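*Asks:* Need the 3D shape of this:
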Amino acid sequence: MSTILEPGQIEASASAPPFLYLPPHTLFTLRAQRLEQVGHGHPLADYLMLIASLCRVQQSLMDQPPSAIIPDPEHVLLCQQHGLPPLAADSLVREDGWQPYLDALLLRYQAPPQPPVQNALATLRNASAGQRRAWAIALLSGQFEGVPAALVPFLGAALQAAWSHWLLHMPTVDLKPCDSLGQCPACGSPAMAGVIRHRGKYNGLRYLVCSLCACEWHVVRVKCIYCEQSKGLKYVSFEDDRYAANQAPLRAEICPGCNSYLKLLYLENDAEAEALSADLTSLTLDMRLDLDGYQRQAPNLMLTPGGG
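*Replies:* The predicted structure is shown next:
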């Protein structure tokens with residue numbers, strides 16, 4: 001049955017910005033390429049190259065996924081009908097459908113001859129399904145003390161690959177905003193960063209990037225995504241002679257109301273910027289803001305806070 005829109009609804013529908021921006025199927029290849037590009041000469045070059053190599057394996061999991069139990073389509077549809085995240089991480093992480101992605105990652109990843117990396121992989125290979133599940137629950141719930149720091153990049157990579165693959169293969173994508181601005185409408189996970197887009201119908205719009213499935217959803221600009229306050233927001237960036245302060249491709253939006261911040265990427269100043277790689281290559285900005293007393297609430301599943 002079709003729905004008849006009133007005149008006011010017609011204009012609103014025509015002018016409303018697109019709510020969702022799904023990640024490309026080549027998401028992890030793009031992340032790997034960006035990390036390889038910006039990693040050369042970076043103080044964390046070895047770490048960034050390790051993450052880039054993991055992204056290559058993540059892409060192989062997207063292109064050739066393991067045999068795994070996919071989320072029940074009827075459950076997904078029921079969640080959508082009730083406005084709930086259909087790939088809710090807090091429940092699906094307990095059902096172990098993601099664990100074959102971890103097994104495949106451990107099989108396909110060509111580890112460098114570095115004892116810490118070898119030991120972390122051995123720990124994951126030898127762990128029981130229950131132990132892996134406990135670590136994954138701790139990671140996705142932000143209880144980082146509950147998972148060894150050395151395991152985080154490999155565990156996080158498998159979880160991201162599973163949820164991104166599920167997102168891009170959902171039969172329909174009709175997602176609704178969650179109660180919290182910073183909560184992903186697809187899986188309920190928190191945003192990792194924001195992106196200010198610059199092309200076509202997305203020009204000038206802010207989209208938040210999910211830390212888990214990489215779904216992007218529209219949230220109005222100049223509003224704290226944590227306390228929803230707009231008053232007194234300020235923006236800081238690296239001191240870099242290449243850019244004027246208002247043209248820096250990466251800036252942190254600081255909220256004095258809740259003392260938190262969120263990194264924003266401005267694609268008009270760097271069209272190739274990508275959220276995860278930009279976050280990992282700007283950790284010195286996090287250190288500066290931490291010293292200034294601001295709190296980071298946005299997780300990056302490739303890095304444990306204080307463990308990098």
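*Asks:* Now name the helix or strand holding the nearest residue to residue 289 once chain neighbours are set aside.
*Replies:* Closest residue to residue 289 apart from its sequence neighbours, by CB to CB, 6 or more residues apart in numbering: residue 261 at 5.7 Å. Placement of C-beta: from N, CA and C, glycine included. Element membership for residue 261 (DSSP states H and E) is strand 260-266.
*Asks:* Following element in sequence after that strand, please.
*Replies:* helix 275-280.
*Asks:* which helices and strands sit right next to that following helix?
*Replies:* Where contact means 3 or more CB pairs under 8 Å, 6 or more residues apart in numbering; DSSP states H and E, helix 275-280 is packed against helix 27-39, helix 45-63, strand 191-196, strand 260-266.
*Asks:* Now find how far off-centre that helix is within its chain.
*Replies:* What separates the centre of helix 275-280 from the centre of its chain is 9 Å, taken as CA atoms, centre = their mean, to the nearest Å.
*Asks:* Please apply the same query to stretch 76-96.
*Replies:* For stretch 76-96, the distance to the chain centre is 17 Å (CA atoms, centre = their mean).
*Asks:* Contacts made by that stretch with the rest, please.
*Replies:* 69, 71, 75, 98, 129, 133, 136-137, 140-141, 159, 163, 166-167, 170-172, 174-176, 178, 183-189, 212-213 (CB atoms under 8 Å, 6 or more residues apart in numbering).
*Asks:* Look at residue 232 and tell me its secondary structure.
*Replies:* When classified by DSSP: H, G, I helix; E, B strand; the rest coil, residue 232 comes out as coil.
*Asks:* I'd like to know how far it sits from residue 224.
*Replies:* Distance of residue 232 to residue 224, computed by CB to CB, to the nearest Å: 10 Å.
*Asks:* who touches both of these two?
*Replies:* 255, 257.
*Asks:* Between these two, tell me which one has more neighbours.
*Replies:* Taking residue 232 and residue 224 together and counting by other CB atoms under 10 Å, residue 224 has the greater number of neighbours (22 against 10).
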